[in-house]
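> below is the sequence, then the predicted model.
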Amino acid sequence: MADPIQQFQVTPIVDFGTVTLPVVGEQQIAFTNSHMAMTIAFVVVVLFLQLVTSGAKVVPGRLQAAGEQLFSMIDGVTSSIIGHESRKYFPFVFTLFCLILGMNLLGMFLSFTATSQLAVTGTFALMTILLVVGIGFAKHGLGFFSLFWPTSAPLAIRPVVGLIEFLSFLLRPITLALRLFGNMLGGHIALKIFAGFVVSMGALAATGGLGLLGLPVAALSMGMVVGLTALEFLVAFLQAFVFAVLASIYLNDVVNLGHGH
């Protein structure tokens, strides 16, 4: 049975040689299968949005209707969470959602899933939290730190609650990255394992004799592959949606800073 982890290995497609950088030393510069997957996802998303927005009709076709549904769904998320300033931050959240969804779905067809790499999900999470911190200081200055001073709590325990809130804030990019990474990694590993059982048990059954006992196992494994594939398509969408929702929640924390919307 093939190694289920091998599908996540980053391999160079075009090697540009090595360079020596301060501190980190010699590093290889290459265009990898990870870059390829992200580039394809980016191109697919751009082409999809171009097709949706060009020649828009009053009575939308299927493609236009799908695009408008995605747009209105994320617009509804940002407006309900962030409030009257949501339009400022909608492009960022919508871009995150589309790119993550594109990478997740393409991973179901390609041999490499970009969002199964912690470096990729970590970059999305870091971009999100840096934007949150930047907006917090830009809008409120040092008042941003009031986010970690819960006035609703009794004065005696505010320092403790504030420390917990601060540590929770620091963990946000980690949990954002790990949630997406873990779900995509685990799902594809499970798919690979059951697909491997189908092949190995089928090969065992082909030998005849007692090997025919492998047929029920192969059939059961095939059923699991079909079921997991359907589940993975759902997870691909849900994880992109959850990332967009959490990004909106974190933005709301600093945009409104406890004053509601």
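Noted; the coordinates are in hand. Everything quoted here is computed from the prediction, not taken from an experiment. Numbering: from 1, shown residues only.
> list the contacts for the residue lying closest to Ala30 once chain neighbours are set aside?
Nearest residue to Ala30 in three dimensions, chain neighbours excluded: Pro12, at 3.5 Å (CB to CB, 6 or more residues apart in numbering). C-betas here are computed from N, CA, C, even on glycine. Listed by CB atoms under 8 Å, 6 or more residues apart in numbering, the contact set of Pro12 reads 28, 30-32.
> over to Phe112?
7-8, 33-34, 36-37.
> tell me the contacts of Gly209?
Going by CB under 8 Å, 6+ apart, Gly209 touches no other residue.
> per-residue pLDDT of it, please?
Gly209 is assigned a pLDDT of 71 by the prediction.
> next: the one 10 residues further on.
With respect to pLDDT, Ala219 has a value of 87.
> same question, Thr151
You'll see Thr151 listed with a pLDDT of 79.
> and it, its phi and psi?
When read as degrees, to the nearest 10, the backbone of Thr151 gives phi -70, psi -20.
> cool, and Thr18?
Main-chain torsions, Thr18, degrees, to the nearest 10: phi -120, psi 150.
> most distant residue from the centre of the protein?
Distance to the chain centre peaks in the chain at Gly209, reaching 46.9 Å (criterion: CA atoms, centre = their mean).
> tell me where the model's unsure across this structure.
Along the chain, the model assigns pLDDT under 70 to residues 1-2, 56, 58-59, 210, 258-261.
> quick check: what element follows the lengthiest helix in it along the chain?
Identified as the longest helix of the chain according to DSSP state H is helix 158-206. Next in sequence after helix 158-206, counting helices and strands by DSSP states H and E, comes helix 214-255.
> tell me what that following helix is packed against?
helix 62-82, helix 86-106, helix 118-140, helix 158-206 (3 or more CB pairs under 8 Å, 6 or more residues apart in numbering; DSSP states H and E).
> and the third one, what's buried?
The neighbour-count criterion (16 or more other CB atoms under 10 Å) identifies 120-122, 124-125, 128-129, 131-132, 135-136 as the buried residues of helix 118-140.
> could I get the residues you listed in a markdown table, plus columns for distance to Ala190?
Output for the buried residues of helix 118-140, formatted as a markdown table (distance: CB to CB, whole Å):
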| residue | distance to Ala190 |
| --- | --- |
| Val120 | 20 |
| Thr121 | 18 |
| Gly122 | 23 |
| Phe124 | 23 |
| Ala125 | 24 |
| Thr128 | 28 |
| Ile129 | 30 |
| Leu131 | 33 |
| Val132 | 33 |
| Ile135 | 38 |
| Gly136 | 39 |
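> now the two most distant members of these.
Spatial extent of the buried residues of helix 118-140 (CB to CB) is set by the pair Val120 and Gly136 at 25.2 Å.
> ok so, going back, out of the helices and strands packed on helix 214-255, deepest packed?
A comparison of the helices and strands packed on helix 214-255 by mean neighbour count, using mean count of other CB atoms under 10 Å, puts helix 86-106 on top with a mean of 20.
> may I have that helix as PDB, with CA atoms only?
This file holds the C-alpha atoms of helix 86-106, laid out as PDB (Å, rounded to 0.1, in the frame of the first residue of the first chain):
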ATOM      1  CA  SER A  86     -18.400  45.600   6.900                       C
ATOM      2  CA  ARG A  87     -18.100  46.800   3.300                       C
ATOM      3  CA  LYS A  88     -14.500  48.000   4.000                       C
ATOM      4  CA  TYR A  89     -13.400  44.500   5.000                       C
ATOM      5  CA  PHE A  90     -15.600  42.400   2.700                       C
ATOM      6  CA  PRO A  91     -13.000  42.200  -0.100                       C
ATOM      7  CA  PHE A  92     -10.400  40.700   2.200                       C
ATOM      8  CA  VAL A  93     -12.700  38.200   3.700                       C
ATOM      9  CA  PHE A  94     -14.200  37.200   0.300                       C
ATOM     10  CA  THR A  95     -10.700  36.800  -1.200                       C
ATOM     11  CA  LEU A  96      -9.700  34.600   1.700                       C
ATOM     12  CA  PHE A  97     -12.800  32.500   1.300                       C
ATOM     13  CA  CYS A  98     -12.400  32.100  -2.500                       C
ATOM     14  CA  LEU A  99      -8.700  31.200  -2.500                       C
ATOM     15  CA  ILE A 100      -9.100  28.700   0.400                       C
ATOM     16  CA  LEU A 101     -12.200  27.200  -1.200                       C
ATOM     17  CA  GLY A 102     -10.400  27.000  -4.600                       C
ATOM     18  CA  MET A 103      -7.300  25.200  -3.100                       C
ATOM     19  CA  ASN A 104      -9.500  22.900  -1.000                       C
ATOM     20  CA  LEU A 105     -11.600  21.800  -4.000                       C
ATOM     21  CA  LEU A 106      -8.700  21.500  -6.400                       C
END
